[in-house]
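A.B. asks: From the sequence below, what's the structure:
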Amino acid sequence: MTGGAGEARESSMSATSAIRLQFPEGLRVLAVDDDQTCLHIVGRMLERCMYQVTKCRNVKEALLLLREDSSRFDIVLSDLHLSDINGLKLHEIIAFEMDMPVVDKFSFFPKPIRS
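C.D. replies: You can find the predicted model right below:
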């Protein structure tokens with residue numbers, strides 16, 4: 001019989017190796033999202049790519065960290081729909097005050113269809 005646990009382990013290791021080749025290990029990411037669940041999921045995904053992730057649940061905290069020392073981060077990943085400020089406004093502030101790339105993301109959860 002072929003396969004089994006050894007083959008599954010080897011497949012898992014090769015998938016991990018492939019991920020490491022595609023993503024620069026150690027990238028320092030500031031993730032901003034006011035939705036705790038989304039922030040947790042995004043944080044875990046980024047950590048699987050071997051990124052160093054700092055998570056913020058509001059813009060005030062994120063800007064405080066960036067203004068204290070923006071060199072701590074390589075990139076900012078921000079939700080567009082934040083409760084305390086529009087994500088595009090955050091992007092604008094970071095672009096104006098700091099020389100840092102910002103990736104805007106959004107979460108789309110359609111309303112459930114009621115019958």
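A.B. asks: What count of nearby residues applies to the closest residue to Leu63 other than its chain neighbours?
C.D. replies: Setting aside the residues directly before and after it, Leu63 is nearest to Ile93 in space (Cβ to Cβ, 6 or more residues apart in numbering), at 6.7 Å. Yep, even glycine has a C-beta here, placed from its N, CA and C like the rest. Applying other Cβ atoms under 10 Å, we find 17 residues neighbouring Ile93.
A.B. asks: Next, Ile93: secondary structure please.
C.D. replies: Assigned with DSSP: H, G, I helix; E, B strand; the rest coil, Ile93 falls in the helix class.
A.B. asks: Thought Arg67 was touching it, still the case?
C.D. replies: No. Contact status for Ile93 versus Arg67: not in contact, 9.7 Å apart, counting by Cβ atoms under 8 Å.
A.B. asks: mind listing the strands for this protein?
C.D. replies: 28-32, 52-56, 75-79, 102-105 (DSSP state E).
A.B. asks: returning to that earlier point: tell me how far the residue nearest to Leu63 lies from Thr37.
C.D. replies: As judged by Cβ to Cβ, to the nearest Å, Ile93 and Thr37 stand 25 Å apart.
A.B. asks: repeat for Ala31
C.D. replies: Going from Ala31 to Thr37 by Cβ to Cβ gives 13 Å.
A.B. asks: hang on, the earlier thing: let's have the strands of the chain in JSON lines, adding mean neighbour count, mean pLDDT and distance to Leu63.
C.D. replies: Shown next, in JSON lines, are the strands of the chain (neighbours: other Cβ atoms under 10 Å; pLDDT from 0 to 100; distance: least, Cβ to Cβ, whole Å):
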{"stretch": "strand 28-32", "mean neighbour count": "22", "mean pLDDT": "95", "distance to Leu63": "9"}
{"stretch": "strand 52-56", "mean neighbour count": "18", "mean pLDDT": "96", "distance to Leu63": "9"}
{"stretch": "strand 75-79", "mean neighbour count": "21", "mean pLDDT": "92", "distance to Leu63": "10"}
{"stretch": "strand 102-105", "mean neighbour count": "14", "mean pLDDT": "82", "distance to Leu63": "12"}
